[in-house]
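K.L.:
please find the sequence and the predicted model below.
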Amino acid sequence: MRLQLSPELEAFREEMRTFFTTQVPQEIRDKVAAHRHVSKEEYVEAQRALNAAGLAVPHWPVEWGGKDWTPLQRHIWREEMQLAGVPEPLAFNTSMIGPVIAAFGNQEQKERFLAKTANLDIWWCQGFSEPDAGSDLASLRTTAVRDGDDWVVNGQKTWTTLGQHADWIFCLVRTDPTAEKKQRGISMLVFPMDTPGVTLRPIELIDGGFEVNEVFFEDVRVPAENLIGEENRGWDYAKFLLGNERVGIARVGATKKMLAQAKDFAREITVDGRPLLEDPFMARRIAEVENELVALELTALRVVANSADGKPHPASSVLKLKGSELQQAATELLVDIAGPLSIASFAEEGSDVPDWARVATPHYLNYRKVSIYGGSNEVQRTIIAGTILGL
Amino acid sequence: MDFTFDSEQNDLREAVRGLLARAYSDSEQRRKVVANDPGFDEKTWARLAEMGLLGLPFAEEHGGMGAGPIEVAIVAEEIGRVIAPEPFIEAVVLAGGLIAAVGTDEQKGELLAAIAEGTTVPAFAHAETGTRWSASASAVTATRSGDGWTLSGAKEPVPTGARADVLVVSAVVDGGTGLFLVQGDAAGLTRTGYRTHDGTRAAAVRFDGTPATPLGTGGDQTAAIERALAEARIAYSHEAIGAMDTALRTTAEYLKTRKQFGVTLNRFQALTFRAADMYVSLELARSAALWASMVQDAGGDVVSAADRARLQTSRAGRHIGKEAIQLHGGIGVTAEYSVGHYTSRLTAIDHLLGDGDFAAARLARTVGEQATVDPLGAPYAV
């Protein structure tokens, strides 16, 4: 048992901090910190800056640009990135399809996709959820039927995040409707979003933003070579991918940053001449969230230390569950600190409401998503009860 | 940064667990022991001494093992696992810890060895009925009397106060708080012991011109008391972790075996989800408690770390303690069944040296001082 980071890891942390705060443009990082809309170009610019320094896909196999880092190094990398307000490398590329292709794709696919995926030359989106297949993903109904050298895809996907920017989609499709177990008849296909028969419809969210989409497929012809791995093994790849998605999902660094903002803003707002931060109830509320966040960070450190084989520790469900709750608690704090200013969400020039107060409520509303995506918190409770407690 | 125990620490855990498992293999044994004074088993106490646990944190030159906070944490967790009523934290960590921290060489040489051997049980007489969880004293006053000192006033509740062979007493002196040693048979000392709800014992302790010896070189000891309380709060956090672990495991087992509506209770998601939430509470609290011990070991800000551990374990203890009973149903509130006793002990731990609200209020006072908290940085890692 030892508290301190080794001198090597301290140096590593310093190296990461220096890189993130000097080599990724300040105006992009300011936007992330202010919870403002980050454009496609800015995402691409940030990821290419990371990739040029070998910091976009450290968890990939070394052969394809990864670093042979320990789980603790990866944790520090992610934390420092979040604290610095760096847009994280696009999860669909770096945490999802990249690792799947590296693990299950053929050599030709690896050469064709991996470098471009790491550099965000290809922007990927995820075709998993369907209107009738959310938490029960295996009941998906989009079909792919073999016709000569092509698969012909028909059906509909939804919740496709940032699909409006995407060049390619990785898609779970039903290739064997007769399989005894519904999980057994699913395959993974990849294809360009501009393939004839693909239609994208944006979904407006309660914060007024557009980040998810519905995607419709009508007789979309996909070359057979675009099947990833083996036919009817797509469910295995999806589970592998979702396990990766859960690692780092605690987002401790991002929540820390929000709490630091909450303290600053609670100093700006005065009540009867005294800063809101000096109100004992508000101070205690912040202190309670901050303490839980410390406990979550320490739990994340315990979990990463125990997942050396690359598989997610079952306790990673704790990270998702509590991590999402604390992200939401922090966004809620920001709304409450803004108080009446929080209704001025769409104020433009001519308003004196500070920017942070304008974005507070849309951000809070948007963040209801974090306890739903990546396996809803109810799914995580099912995993904890079943896998850990044996219930 | 390393959260794993070394092999000696694992051996220590196995040894303590083995000893306590024999002493308290089921909750009936504990019920029998706590039914009679002094509320713990003197034989088990002697076995703990034989294993060296009663001198665990003391220097070897004073008859101790020279072990650190991590070892203390391991023992405390194992005590909590079976809610052993032996006053390890009260006598060794808190009262013994104060003697080790401020005692003269002579006091340490004499008392610590006797504590380690199990022949002297000390208690810290600090709580007062009109206040709570303070590091200073107000209801007992020390007065110079010839070459020595006398104490007057009252302390209550004092855990293990009636059984103790020697009391470490906090008392007002020169406007500050001093520490004094009072022998169990001292003149003018009245001790009225009673059972506490968790089966252990406490006492009302009254001093009426009672002769006392300054612990250490005298003077204001508020800072030493604050530190000793913090170390004991961390140890209690570990005892709570052990108790919560058992309460959760017992509850999970019960859900798998108890049948209602023709099926075992684990078929009801309304129950299994709540058990999952108990696990989340436990693991976060465990992280905070382990970390606080590492901060203590590293020489960091132990008072702040103790508040963080206490806040997390207090919230978790209440959550798990209450849910453990509710998920059992009626049997959970019976004295015959084990789980309610765990809830009772968790409730006692919560109120002995400060609960979650107390810790949260203290943390709130300094919440604006740092933009972010880095558990691996200053002031915790130095």
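P.N.:
All right, it came through fine.

K.L.:
what sits up against stretch A:62-76?
P.N.:
Outside stretch A:62-76, the residues that touch it by Cβ atoms under 8 Å, 6 or more residues apart in numbering or on different chains are A:9, A:12-13, A:16, A:51, A:54, A:56-60, A:77, A:98, A:102, A:110, A:114-115, A:118, A:248, A:300-301, A:304-305, A:307-308, B:1. Just so you know, the C-beta spots here come from the backbone N, C-alpha and C atoms, and that holds for glycine as well.

K.L.:
give the ChimeraX command for selecting the buried subset of the residues you listed.
P.N.:
To isolate the buried subset of these in ChimeraX, counting by 16 or more other Cβ atoms under 10 Å in any protein chain shown, use the following:
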select /A:9,12,13,16,51,56,57,58,59,60,77,98,102,110,114,118,248,300,301,304,305,307 /B:1
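
K.L.:
please narrow the contacts of stretch A:62-76 to those residing in helices.
P.N.:
A:9, A:12-13, A:16, A:51, A:77, A:98, A:102, A:110, A:114-115, A:118, A:300-301, A:304-305 (DSSP state H).

K.L.:
what are the pairing partners of the longest strand along chain B, and which direction each?
P.N.:
In terms of residue count, the longest strand belonging to chain B (DSSP state E) is strand B:201-214. Sheet pairing here is set by DSSP bridges, and for strand B:201-214 it gives strand B:148-159 (antiparallel), strand B:176-183 (antiparallel), strand B:189-195 (antiparallel).

K.L.:
can you list the buried residues in that strand?
P.N.:
B:Arg201, B:Ala202, B:Ala203, B:Ala204, B:Val205, B:Arg206, B:Phe207, B:Thr210, B:Pro211, B:Ala212, B:Pro214.

K.L.:
pretty sure the last one contacts B:Phe180?
P.N.:
Put plainly, it is B:Pro214. Yes - counting by Cβ atoms under 8 Å, B:Phe180 is a contact partner of B:Pro214 at 5.8 Å.

K.L.:
what sits in contact with each of those two?
P.N.:
Common neighbours of B:Pro214 and B:Phe180 (Cβ under 8 Å, 6+ apart) are B:Trp149.

K.L.:
how about A:Ala179, what does it touch?
P.N.:
A:Gly185, A:Asn232.

K.L.:
what comes into contact with the helix or strand harbouring A:Phe170?
P.N.:
For A:Phe170, the host element (DSSP states H and E) is strand A:168-174. Strand A:168-174 is contacted from outside by A:92, A:96-97, A:100, A:122-128, A:137, A:140-144, A:151, A:153, A:155, A:157, A:160, A:163, A:185-193, A:198, A:215, A:228, A:234-235, A:238, using Cβ under 8 Å, 6+ apart.

K.L.:
strands - which of these land there?
P.N.:
Using DSSP E, the contacts of strand A:168-174 in strands are A:124-127, A:143-144, A:151, A:153, A:155, A:157, A:186-192, A:198, A:215, A:228.

K.L.:
buried members of the residues you listed into PyMOL, please.
P.N.:
Buried residues within the ones in strands among the contacts of strand A:168-174, by 16+ other Cβ under 10 Å, are selected in PyMOL with:
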select buried, chain A and resi 124+125+126+127+143+144+151+153+155+157+186+187+188+189+190+191+198+215+228
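
K.L.:
right, and the helix or strand after the lengthiest helix in chain B?
P.N.:
Scanning chain B for the helix with the most residues, using DSSP H, yields helix B:222-257. Using DSSP H and E, the helix or strand that follows helix B:222-257 in sequence is strand B:259-260.

K.L.:
that following strand pairs with which strands, and in what direction?
P.N.:
Using DSSP bridges, strand B:259-260 pairs in its sheet with strand B:263-264 (antiparallel).

K.L.:
what about the helix or strand that the partner strand is followed by, average pLDDT?
P.N.:
Under the assignment DSSP H and E, the closest C-terminal helix or strand after strand B:263-264 is helix B:269-298. Mean pLDDT, helix B:269-298: 97.

K.L.:
please identify the buried residues of helix B:269-298?
P.N.:
Here helix B:269-298 shows B:271-298 as buried, counting by 16+ other Cβ under 10 Å.

K.L.:
of the residues you listed, which ones also sit close to chain A?
P.N.:
Subset of those in contact with chain A: B:272-273, B:275-277, B:279-280, B:283-285, B:287-288, B:290-291, B:293-295, B:297-298, counting by Cβ under 8 Å from any Cβ of the partner chain.

K.L.:
for A:Ile228, give its distance to chain B.
P.N.:
33 Å (Cβ to the nearest Cβ, to the nearest Å).
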